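Colleague: Give me a 3D structure for the following:
(one chain, ligands or ions: 1)
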Amino acid sequence: MNSYDDQLKKAFDPESFRAEGHKVVDGLADFLATSTPEKRPRVMAYENPEAMLKSWAGRFGPAPSTAFPDLLGEVLDRSNNLLHPRYIGHQCTTALPLAALGGFVGQFLNNGTAVYEMGPVNVAMERQLVRWMTGLAGWGPDADGVFTNGGSIGNLTALLAARQATAEGNVWVRGVGSETPVAILVPESCHYSVKRAVAIMGLGEEAVAPVAVDDRFHARPDDLGRAFDVAVKRGRRPIALVANACSTATGSFDDLEAAADFARSRGLWLHVDGAHGAGALLSPKYRHLLRGLDKADSFIWDAHKNLLMPALITAVLFRDGGRSCEAFSEKASYLFEKGARDEWYNFAHRTMECTKTMMGLRLFISLAAHGADFFASYVTAMFDLARDFAVLLRGSGDFETAVEPESNIVCFRYLKKGEGDLDGLQRRIRRTLLERGNFYIVQTDLRGHAWLRTTLINPRTTLTDLEALLDEIRAVASGGTLF
Ligand SMILES: Cc1ncc(COP(=O)(O)O)c(C=O)c1O
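Modeller: Numbering: from 1, shown residues only. Coordinates of the predicted model:
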């Protein structure tokens, strides 16, 4: 089995593929079955980056070295286990196993979706999903959008469209230097990708006009006028307002009605960053948190955050679908882009990517197989769990919460008796938990202090896991094993 011909035959041999595929799926199913605190206590086996790098050196070369099924065990053991109920850190969700299979099929077929003829099924599926999502937002038949690779590119895409829609001239051709400097009103609680998008667009970070937040980290509607006026005084032309639904650090939902009223009164484009919180649209109990979204011009929704999808699937949605053609338009106004608008099925007009994975397929088959109600129940359950966790924390006597949770994000800290440096303590606790590997949580700075932060995004996480987390924190804080 040395010649290229032999190797080629093996690489595309259906029976080898079948056998390897079965082994891999069996391995993954076992991993899923054992991803419980009882069977597999550790959610991660943290290794320092240098050691990790070294351990993978020299393991492939000109000749075959290891068959994939043989490597699988090590990959699973040394990777972070997002299927584990105690993986409750960042906003990356546990992947619905079926969606992962959909991803596998998508990668097997490898249809790019820049233009319809490259990936017709996925293009149609994405279009149907976009309609479903814009319908949930309360938008009419003119709404449209596309899927893209993550919320950061999503925010950039929406703000590019906002810039084009509000440009004085042909900014695409003549550049931002040909225009009056602009400003975009951005709550202090916004995800960093918003500020980064502003800088990427060449507007300069100074184009960000910060909007103050209240004590629960909502953009303050009464600060919008001030932020607008300051930008104007600095010689800038405000063009857009960004609102959070919800914010990254604390999961706080801005008042979208107030944001929409202000945007309308000042002629601003309203972009809602719903990367994390738009899933609440599905929940009869929590969809009120997005009241006012129907008046926004654009919003993004990350299915890899609150819809159990493997990364990445972000929908960038526009109330006026024509605007969706503007982000990457070579024309000043979408009125001239009739061709692009008619060709809804050729995504390259409207996304950063040329080649795009079959991301719609994963979500479509998941919705078809599980039904949208399943996802609605999931979102409700996770938001409920966050509220229950907050009750547990407040009732504990030795923990405090930063704010009452509005989504599935909970920030809290341990109030160890007699501890003079509470901020340092939280950071040491977090670091120790990372090294121990029984839980994965993160940290954030709020009001100048360090807080522990969890995102309850795994449907298999229960209040019992969270009680165990508090016990683990007490134990590491009192056991002298802190880093
Ligand atoms: C509110 C918000 N917007 C945007 C993003 C960026 O999304 P992505 O990581 O998919 O690029 C995040 C990520 O955490 C987020 O929380």
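Colleague: Give me the neighbour count for Ile184.
Modeller: 27 (other CB atoms under 10 Å). Where you see a C-beta, it was placed from the backbone N, CA and C, and this is true even at glycine.
Colleague: Correction: the previous question concerned Gly448.
Modeller: Counted with other CB under 10 Å, Gly448 comes out at 6.
Colleague: Now the stretch 101-250 of the chain against the ligand: closest residue?
Modeller: Gly151 (2.5 Å; CB to the nearest ligand atom).
Colleague: got the contact list for the nearest residue to that residue once chain neighbours are set aside?
Modeller: Spatially, and ignoring its direct neighbours in sequence, Gly151 is nearest to Ala275 (3.5 Å; CB to CB, 6 or more residues apart in numbering). With contact set as CB atoms under 8 Å, 6 or more residues apart in numbering, Ala275 has these partners: Gly151, Gly154, Asn155, His191, Ile300, Trp301, Asp302, Lys305, Thr314.
Colleague: tell me the strands in this structure, going along the chain?
Modeller: 144-148, 182-187, 208-211, 237-244, 269-273, 298-302, 314-318, 399-401, 409-414, 442-446, 449-455 (DSSP state E).
Colleague: can you pick the most crowded of the contacts of Ala275?
Modeller: Gly154 (32 neighbours).
Colleague: where are the low-confidence patches of the protein?
Modeller: Judged by pLDDT under 70, the chain has its weakly predicted residues at 1-2, 330-340, 480-483.
Colleague: need the residues of it near the ligand, please.
Modeller: 91, 150-152, 155, 191, 193, 248, 273, 275-276, 302, 312, 314 (CB under 6 Å from any ligand atom).
Colleague: could you redo the last one with a cut-off of 5 Å?
Modeller: Gln91, Gly150, Gly151, Ser152, His191, Ser193, Thr248, Asp273, Ala275, His276 (CB under 5 Å from any ligand atom).
Colleague: which of the residues you listed count as buried?
Modeller: Buried subset of the residues of the chain next to the ligand (neighbour count, 16 or more other CB atoms under 10 Å): Gln91, Gly150, Gly151, Ser152, His191, Ser193, Thr248, Asp273, Ala275, His276.
Colleague: In CSV: these, plus distance to Ala99.
Modeller: As requested, these are exported to CSV (distance: CB to CB, whole Å):
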residue, distance to Ala99
Gln91, 16
Gly150, 16
Gly151, 18
Ser152, 21
His191, 24
Ser193, 24
Thr248, 23
Asp273, 23
Ala275, 18
His276, 18
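Colleague: Could you single out the nearest of these to Pro64?
Modeller: Gly150 (33.8 Å; CB to CB).
Colleague: my read: the closest one touches Leu312, true?
Modeller: Yes: the criterion here is CB atoms under 8 Å, and Gly150 meets it with Leu312 at 4.4 Å.
Colleague: Need the overlap of contacts for these two.
Modeller: Shared contacts of Gly150 and Leu312, counting by CB under 8 Å, 6+ apart, come down to Asp302, His304.
Colleague: Pull the number of nearby residues for Leu241.
Modeller: 30.
Colleague: who's in contact with it?
Modeller: Here Leu241 is in contact with Ile184, Leu185, Val211, Leu224, Ala259, Phe262, Ala263, Leu268, Trp269, Leu270, His271 (criterion: CB under 8 Å, 6+ apart).
Colleague: For the last one, list the residues it contacts.
Modeller: Spelled out, that is His271. Contacts of His271 by CB under 8 Å, 6+ apart are Asn155, Ala158, Leu159, Ala162, Ala240, Leu241, Val242, Ala243, Ala296, Asp297, Ser298, Phe299.
Colleague: Drop anything exposed from those residues.
Modeller: Buried among the contacts of His271 by 16+ other CB under 10 Å: Asn155, Ala158, Leu159, Ala162, Ala240, Leu241, Val242, Ala243, Ala296, Asp297, Ser298, Phe299.
Colleague: and Ala243, how far is that from His218?
Modeller: Relative to His218, Ala243 is positioned 9 Å away (CB to CB, to the nearest Å).
Colleague: So which bits of stretch 86-98 are buried?
Modeller: Buried residues in stretch 86-98 (16+ other CB under 10 Å): Arg86, Tyr87, Ile88, Gly89, His90, Gln91, Cys92, Thr93, Thr94, Ala95, Leu96, Pro97.
Colleague: what's the closest of these to Val410?
Modeller: Ile88 (9.0 Å).
Colleague: What is the burial count for the closest residue to the closest one other than its chain neighbours?
Modeller: Excluding its sequence neighbours, the residue lying closest to Ile88 (CB to CB, 6+ apart) is Thr454, at 4.4 Å. By the criterion of other CB under 10 Å, Thr454 has 23 neighbours.
Colleague: Ile409 is in contact with Thr454, correct?
Modeller: Yes: contact criterion CB under 8 Å: Thr454 and Ile409 qualify, at 7.3 Å.
Colleague: Phi first, then psi, for the residue nearest to Gly151.
Modeller: Backbone torsions of Ala275, given as degrees, to the nearest 10, read phi -50, psi -50.
Colleague: before we move on, back to that, who's in contact with the residue nearest to Ile88?
Modeller: Ile88, Gly89, Phe389, Ile409, Val410, Phe412, Ile441, Val442, Leu466, Leu469.
Colleague: again, only using 6 Å
Modeller: Ile88, Val410, Ile441 (CB atoms under 6 Å, 6 or more residues apart in numbering).
Colleague: likewise Phe318?
Modeller: Asp144, Gly145, Ser298, Ser324.
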